[in-house]
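Novice: Coordinates only, no sequence provided:
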């Protein structure tokens with residue numbers, strides 16, 4: 001990575017990509033594409049600053065731009081939705097704004113389709129796209145980190161399969177149009193390789209568990225675990241929207257102790 005100033009990093013392959021597009025006379029298209037993605041990330045940056053997060057830097061990569069934050073733990077679900085949907089919302093607003101300008105030429109048309117495509121791509125409920133991350137965070141508050149991750153991976157797999165079928169259709173109907181192929185490769189790769197990326201939700205559950213609402217009458221869920229069971233694995237099933245009580249049993253099926261959710265998490269945090 002090449003550092004330019006305090007907040008901008010450029011991957012060396014980006015310079016090569018710009019050089020190739022310059023000699024192929026496609027530099028204008030590449031510039032518009034990067035400008036659209038950069039504005040998308042700047043919208044995320046603005047939202048991050050508004051909710052109190054600190055930016056680290058912006059990295060320009062061969063196939064996009066990525067915003068890095070110094071801290072990204074947010075308790076409020078409203079703040080999280082604002083953070084992740086700010087980029088797609090900016091793109092759709094830009095696309096709507098550009099509609100009256102489409103008749104003025106190729107530049108405005110390409111800018112319009114870039115913003116529209118970026119909105120549609122990022123709003124998909126597929127990990128790690130913005131829409132998928134938002135849906136996962138909402139589900140995590142209802143059914144817990146572990147179950148929400150499993151459900152989103154299933155949804156992602158189904159939608160990726162749909163995109164693969166769409167790509168096959170385009171190949172035979174549109175003279176070998178491979179426009180969806182990169183999206184399929186990108187999403188499939190993330191589905192199988194980026195599991196660690198989403199452990200942040202579990203860390204947040206541990207850090208903010210004392211912030212849960214404490215109503216006078218609580219609806220409590222229960223778990224029955226073996227004495228040798230991992231507390232850490234158990235806690236991945238907890239959610240911000242529920243309270244838990246845990247029964248421990250020995251190898252003979254006898255209940256040996258009853259623990260609260262707080263005791264489990266405080267033991268993990270020791």
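Specialist: Done, it's in. Note that the structure is predicted; figures quoted are calculated from it, not measured.

Novice: wouldn't residue 243 be in contact with residue 220 here?
Specialist: Yes: using CB atoms under 8 Å, residue 243 makes contact with residue 220 at a distance of 5.0 Å. Just so you know, the C-beta spots here come from the backbone N, C-alpha and C atoms, and that holds for glycine as well.

Novice: So which of those two has more stuff around it?
Specialist: residue 243 (17 against 10; other CB atoms under 10 Å).

Novice: packing partners for the helix or strand where residue 223 lies?
Specialist: Element membership of residue 223, judged by DSSP states H and E, is strand 220-226. The contact analysis (3 or more CB pairs under 8 Å, 6 or more residues apart in numbering; DSSP states H and E) places strand 220-226 against strand 243-249.

Novice: ranges for the strands of the chain?
Specialist: In the chain, the strands defined using DSSP state E lie at 2-4, 8-10, 55-61, 64-69, 220-226, 243-249, 255-260.

Novice: TSV for these, including distance to residue 49?
Specialist: Shown next, in TSV, are the strands of the chain (distance: least, CB to CB, whole Å):
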stretch	distance to residue 49
strand 2-4	21
strand 8-10	17
strand 55-61	7
strand 64-69	10
strand 220-226	37
strand 243-249	34
strand 255-260	38
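
Novice: In the stretch 101-250 of the chain, mark out all the helices, start to finish.
Specialist: Listed in chain order, the helices of the stretch 101-250 of the chain (DSSP state H, counting those that start in this stretch) span 106-122, 130-143, 145-173, 181-193, 200-207, 231-235.

Novice: Make JSON lines out of the ones you listed and add distance to residue 13, mean pLDDT and mean neighbour count.
Specialist: Output for those, formatted as JSON lines (distance: least, CB to CB, whole Å; pLDDT from 0 to 100; neighbours: other CB atoms under 10 Å):
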{"stretch": "helix 106-122", "distance to residue 13": "21", "mean pLDDT": "87", "mean neighbour count": "17"}
{"stretch": "helix 130-143", "distance to residue 13": "24", "mean pLDDT": "83", "mean neighbour count": "20"}
{"stretch": "helix 145-173", "distance to residue 13": "25", "mean pLDDT": "79", "mean neighbour count": "15"}
{"stretch": "helix 181-193", "distance to residue 13": "15", "mean pLDDT": "61", "mean neighbour count": "15"}
{"stretch": "helix 200-207", "distance to residue 13": "28", "mean pLDDT": "59", "mean neighbour count": "17"}
{"stretch": "helix 231-235", "distance to residue 13": "39", "mean pLDDT": "76", "mean neighbour count": "16"}
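
Novice: of these, which approaches residue 16 most closely?
Specialist: helix 181-193 (17.6 Å; CB to CB).

Novice: Out of the strands of the chain, flag the one nearest residue 127.
Specialist: Closest among the strands of the chain, using CB to CB: strand 64-69, at 15.6 Å.
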